[in-house]
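A.B. asks: this one's sequence-less:
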């Protein structure tokens with residue numbers, strides 16, 4: 001009879017895999033650059049199922065811990081059609097923008113919440129918002145659905161609102 005404890009001895013869910021705050025993947029200090037692998041990692045990135053507050057790569061077969069610097073999702077591009085803005089995310093999904101969750105980090109980067117996770121607008125997506133930016137006597141705003149949204153600057157933009 002096989003002893004399950006003996007089979008699992010020495011095995012761990014710990015890895016050297018990490019993603020930096022710019023969305024680049026690494027195995028230790030070695031960059032992971034294969035586009036299909038990095039897209040899969042972006043899609044598999046989820047809160048760890050053990051409730052530890054850590055992050056993991058989780059697919060249909062297994063999961064393993066990874067280190068995450070920065071947000072779990074990035075807004076890569078967007079479609080702005082009339083009143084609605086649809087975000088194209090780093091995990092290959094789309095979601096409507098919830099304007100009330102928009103905020104700026106101390107460095108001026110734009111963030112929002114999507115399905116309970118934080119997403120940071122990359123440069124391309126932020127530039128796509130340029131035609132919706134305006135300024136009045138109260139300062140800079142973003143025109144979304146006929147409303148002027150003024151994303152506040154926050155100390156911790158990675159906190160879900």
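C.D. replies: Structure's in. What do you need? Since the structure is predicted, the reported quantities are computational estimates derived from the model, not experimental observations.
A.B. asks: what about this structure, any weak spots by pLDDT?
C.D. replies: Under the criterion pLDDT under 70, the flagged ranges of the chain are 1-12.
A.B. asks: Could you please name the strands the longest strand anywhere in it pairs with and the direction of each pair?
C.D. replies: Identified as the longest strand of the chain according to DSSP state E is strand 73-81. With DSSP bridges as the criterion, the sheet partners recorded for strand 73-81 are strand 84-89 (antiparallel), strand 117-121 (parallel).
A.B. asks: Could you list the domains of the chain?
C.D. replies: Segmentation of the chain into domains, based on automatic domain parsing, reads 4-68, 73-149.
A.B. asks: okay, those, which one's buried deepest?
C.D. replies: Taking mean count of other C-beta atoms under 10 Å as the contact definition, the stretch among the domains of the chain with the greatest mean neighbour count is domain 73-149, which reaches a mean of 15. To be clear about C-beta, it is placed using only N, CA and C from the backbone, and glycine gets the same treatment.
A.B. asks: and it, how far apart are its ends?
C.D. replies: As for domain 73-149, its first-to-last residue distance stands at 22 Å under the measure C-alpha to C-alpha, to the nearest Å.
A.B. asks: what does stretch 154-161 give?
C.D. replies: Taking C-alpha to C-alpha, the span from the opening residue of stretch 154-161 to its closing residue is 11 Å.
A.B. asks: same check, this time on stretch 83-95
C.D. replies: When the termini of stretch 83-95 are compared using C-alpha to C-alpha, they are 14 Å apart.
A.B. asks: which outside residues touch whichever helix or strand residue 141 is part of?
C.D. replies: Counting by DSSP states H and E, the element that carries residue 141 is strand 139-144. The contact list for strand 139-144, computed with C-beta atoms under 8 Å, 6 or more residues apart in numbering, reads 83, 85, 97, 99, 102, 129, 132-135, 148-151.
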